[in-house]
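Colleague: sequence and predicted model, in that order:
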There are 2 protein chains.
Amino acid sequence: MPSINAERLLKDLRDLRAIGTVDNGVVRPAFSDTDMEARRWLKKRYEDAGLEATLDGVGNVLGRSRNNGPALIIGSHSDTQPEGGWLDGALGVIYGLEIARACAEDPETAGLSIDAVSWQDEESNFLGCLGSRSWCGTLDPADEAAAKGRDGELLSDALERVGLADTPRLGIEEGRYVGYLEAHIEQGNYLEDADEQIGVVTAIVGIRGMTITFTGEQNHAGTTTMARRKDAATAMFEMAHRINLAFPDVANERTVWTMGNAAIEPGATSIVPGRAELSLQFRDQSEALLDRLAGIVKTLASEIDARGKIKVEVSSARTPIKPSIMDDGFQNHIDAAAERTAPGRWRRMPSAAGHDPMVIHEKLPCAMLFIPSIDGISHDFAEDSHDADIVAGCQVLADAAASILLEAQDKNR
Amino acid sequence: MPSINAERLLKDLRDLRAIGTVDNGVVRPAFSDTDMEARRWLKKRYEDAGLEATLDGVGNVLGRSRNNGPALIIGSHSDTQPEGGWLDGALGVIYGLEIARACAEDPETAGLSIDAVSWQDEESNFLGCLGSRSWCGTLDPADEAAAKGRDGELLSDALERVGLADTPRLGIEEGRYVGYLEAHIEQGNYLEDADEQIGVVTAIVGIRGMTITFTGEQNHAGTTTMARRKDAATAMFEMAHRINLAFPDVANERTVWTMGNAAIEPGATSIVPGRAELSLQFRDQSEALLDRLAGIVKTLASEIDARGKIKVEVSSARTPIKPSIMDDGFQNHIDAAAERTAPGRWRRMPSAAGHDPMVIHEKLPCAMLFIPSIDGISHDFAEDSHDADIVAGCQVLADAAASILLEAQDKNR
């Protein structure tokens, strides 16, 4: 079975970090000079590893194994947030490279097909998950035509600028892949708090957003008796607090909900509010649980509305994102690999943040592996992980990748 | 005992309404051309009634009785809101004039000293209760020097413009007054709802204003588990709702409280709020009850703060206004007079809005009488009252004034 080279892995991660480094972080937004430099550097690393390397027309860098038979594609994204951490994306990209190299070095796995990849613009400089959408064939041409960078540049102009306007784009090679694997830092404290080393992702959570509006009657805060008032804010406060009391009844320990904004009109200390608006967002890996939470909101809204004083209306504040379920068979392989490298120090867990597998899982089975984030920090220059965890995570994913492909070969035989 | 002349009362009210009339309302803000025209008209009416009339250096118009002995001063203000109702202020001013006339016409009361008055700028064009403050000697020279009209004109320039800059200002004539009486429209629905005609004001309510701040920790709305969150908005929603649940335990039917504004920071749907701020205002005629309400706020704040997640701080958002208690003896006289004119159709009640007696009661015993407002509307062109109520209110205040002064004469004898 493959044995990853810790020194080589860490050196590649540090070399990539040097491209666009600022303080302890990196600034490498999609299609910036540093991003393109990193992609050209990566293409060279793939070539050095014996992979067939391509920088495609949308900025994806793919290192294709020269082997045939069932293949895995392993990677993440090398673009960063405007002020990004050094591991977000980069970790998964270099894991793909190292796993391809480690498998090639072991006679038992040298014949396996491991492709490595860095997707373009996962971090939404121009268009979130641009590269994986393009590869999966689910990139909407209208979205692409409208896409602009944070600095206002059109995506088409950016492609022209970096010399990719006429370069072909890669797509999923029919019949080649058994699935996609991605490793990432956790971006939370769960593993660190539990002193665990590996998270096996069960699903990327779904997200619902609601706007709840309360319509009452604006009035004088001195002369209007409490009995006569139709105070929109009072209904909002009740609704919000009762959501916080009721959601735990159906939530599990990873369900999250946030009321991140509230507006009161007219918003004066001496005027009984005539209108209020509350924003509610909730996330979970189970679509059924999200439905039950939505049901609680509607029940509470109806109950307060039915009193006849304040009109309560619930509307959708965003297109709902369904949970992206990770492949169960892949999870079993990662579980087993984790138990070998980090016995008793791994767990299954959902991903609360979004990743390229949200796009890819519609076309291919996917799995994700998490390693601990120090203090749970991400999207910040201070983002970091311990070397031991970085190394352990790569070994686990390498073992899992090998066992997935060996099993697939057995089935094909 | 005096018998008021309903026709004369209503004609004077309508004549005053004609000065600055717009639609069904009036536009006569302090020191406007229409305000000064109304004050000169009023001075003439006082003279016609046999009173010694003065327009003083701050715009007050006083009609002084030529009688000696214990005196009452009766009136209100003839300036209006920028878009004012026709009775707010004007009603009480014309009541003073009519009561002086009616008392003079009855042999039993012709020797009583009834002074009539219109205070300047009760409605805060330049400085709220400017005229009554000046008369009471409690006008702060610094406040006066800084005072500007809604259109930006300095008060000193306005006095120059209307020719009052060098005119002497009147003050309380030492030893003359037993007290001050004012009638006003209710500006609420209480009397109308109860089909009552007279409100005997017990006190002008006190006002407390508080700002409650909640300090937690800003975080990612996806990756931060509920258990780890320090969500400032969640604490604010709980606090606000529990105030609404707890205040009724100590409030009476006239106590009011309002949470008219709330701010959440940073106020994004996908970010756990790190800070929130809630404004709370409450009003009651009892200082002790206001203290109890403030105590509830502090207890709830301590309880939520003591959980150790969210820091909750309560601070005063304004200079507290103490309740202005109306003279109990005067109230007894008005009660008795009301029972004669409107048997069983009067009640004692607080004033939820502010009036000149808030200033004057610091120097003289005060009382106020309310008549019903149609639909409770005030500070609006649509403000109105029924003629029958206008007439009844004036008769009640005339009877009360006469009996107060006759009693005072008896005591002096």
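Modeller: Right, received. Where do you want to start?
Colleague: so what's the gap between the worst-scoring helix or strand of chain A on mean pLDDT and the chain middle?
Modeller: The helix or strand of chain A with the lowest confidence, counting by mean pLDDT, DSSP states H and E, is strand A:219-220 at a mean of 84. Centroid separation for strand A:219-220 versus its chain: 47 Å, with C-alpha atoms, centre = their mean, to the nearest Å.
Colleague: packing partners of it?
Modeller: Under the contact criterion of 3 or more C-beta pairs under 8 Å, 6 or more residues apart in numbering or on different chains; DSSP states H and E, the helices and strands touching strand A:219-220 comprise strand A:271-272. From N, CA and C alone the C-beta is placed, and that goes for glycine too.
Colleague: after the strand it packs on comes which helix or strand?
Modeller: Sequence-wise, the next helix or strand beyond strand A:271-272 is strand A:275-284, with elements assigned using DSSP states H and E.
Colleague: near chain B, anything from that next one?
Modeller: Yes: legend: contact between strand A:275-284 and chain B by C-beta under 8 Å from any C-beta of the partner chain is shown at A:279, A:281, A:283.
Colleague: so the second one sits against A:Thr258, correct?
Modeller: Yes: counting by C-beta atoms under 8 Å, A:Thr258 is a contact partner of A:Gln281 at 5.0 Å.
Colleague: can you give me the strands for the stretch 251-400 of chain A?
Modeller: Taking DSSP state E, counting those that start in this stretch, the strands of the stretch 251-400 of chain A run over residues A:256-265, A:271-272, A:275-284, A:311-316, A:324-325, A:346-351, A:366-371.
Colleague: my read: A:Thr225 touches B:Asn252, true?
Modeller: No: with contact defined as C-beta under 8 Å, A:Thr225 does not count as touching B:Asn252 (10.5 Å).
Colleague: which of those two has more neighbours?
Modeller: A:Thr225 (17 against 11; other C-beta atoms under 10 Å in any protein chain shown).
Colleague: tell me the contacts of that one?
Modeller: Shown in contact with A:Thr225 (C-beta atoms under 8 Å, 6 or more residues apart in numbering or on different chains): B:188-190, B:253-254, B:256.
Colleague: and it, how far from B:Pro320?
Modeller: Using C-beta to C-beta, to the nearest Å, A:Thr225 is found at 22 Å from B:Pro320.
Colleague: again with A:His184
Modeller: 55 Å.
Colleague: sorry, back to before: just the buried residues from the contacts of A:Thr225, in ChimeraX please.
Modeller: Provided next is the ChimeraX selection string for whichever of these are buried by 16 or more other C-beta atoms under 10 Å in any protein chain shown:
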select /B:188,189,190,254,256
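Colleague: what about the helices in the stretch 201-350 of chain A?
Modeller: Under the criterion DSSP state H, counting those that start in this stretch, the stretch 201-350 of chain A carries helices at the ranges A:232-246, A:287-306, A:328-341.
Colleague: output those as JSON lines; include the columns mean pLDDT, distance to A:Gly274 and mean neighbour count.
Modeller: Conversion of the helices of the stretch 201-350 of chain A to JSON lines gives the following (pLDDT from 0 to 100; distance: least, C-beta to C-beta, whole Å; neighbours: other C-beta atoms under 10 Å in any protein chain shown):
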{"stretch": "helix A:232-246", "mean pLDDT": "98", "distance to A:Gly274": "6", "mean neighbour count": "23"}
{"stretch": "helix A:287-306", "mean pLDDT": "98", "distance to A:Gly274": "16", "mean neighbour count": "16"}
{"stretch": "helix A:328-341", "mean pLDDT": "98", "distance to A:Gly274": "52", "mean neighbour count": "19"}
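Colleague: chain B is nearest to which of those?
Modeller: The closest of the helices of the stretch 201-350 of chain A to chain B is helix A:232-246. By C-beta to the nearest C-beta, the value is 3.8 Å.
Colleague: and the closest one with helix A:287-306, angle?
Modeller: Angle between the axes of helix A:232-246 and helix A:287-306 is 140 degrees (criterion: axes from the mean of the first three to the mean of the last three C-alpha atoms, to 10 degrees).
Colleague: quick one: helix A:232-246 to strand A:256-265, angle?
Modeller: Following the same axes, to 10 degrees, one obtains 170 degrees for the angle between helix A:232-246 and strand A:256-265.
Colleague: who are the packing partners of helix A:232-246?
Modeller: In terms of contacts (3+ C-beta pairs under 8 Å, 6+ apart), helix A:232-246 is packed against strand A:206-215, strand A:256-265, strand A:275-284, helix A:287-306, helix B:232-250, strand B:256-265.
Colleague: is chain B within reach of the second one?
Modeller: Yes: part of strand A:256-265 sits near chain B under the criterion C-beta under 8 Å from any C-beta, namely A:256-262, A:264.
Colleague: pLDDT score for the nearest residue to A:Gly69 once chain neighbours are set aside?
Modeller: Among residues not flanking A:Gly69 along the chain, A:Ser113 sits closest, at 5.6 Å (C-beta to C-beta, 6 or more residues apart in numbering or on different chains). You'll see A:Ser113 listed with a pLDDT of 98.
Colleague: surely A:Ser113 meets A:Leu406?
Modeller: No: applying C-beta under 8 Å, one finds A:Ser113 not in contact with A:Leu406, separated by 11.7 Å.
Colleague: residues of the stretch 301-413 of chain A that sit close to chain B?
Modeller: When proximity is defined as C-beta under 8 Å from any C-beta, the stretch 301-413 of chain A approaches chain B at A:317-318, A:352-354, A:376, A:378-379.
Colleague: for those, which entry has the maximal number of neighbours?
Modeller: Per-residue neighbour counts (other C-beta under 10 Å) across these peak at A:Ala352, which has 24 neighbours.
Colleague: who's the closest spatial neighbour of that one, skipping the chain neighbours?
Modeller: Nearest in space to A:Ala352, with sequence neighbours left out and distances taken as C-beta to C-beta, 6+ apart, is B:Gly222 at 4.0 Å.
Colleague: that neighbour contacts A:Ala353, doesn't it?
Modeller: Yes: using C-beta under 8 Å, B:Gly222 makes contact with A:Ala353 at a distance of 5.0 Å.
Colleague: can you list the weak-confidence ranges in chain A?
Modeller: Using pLDDT under 70 as the threshold, the predicted model of chain A has no low-confidence range.
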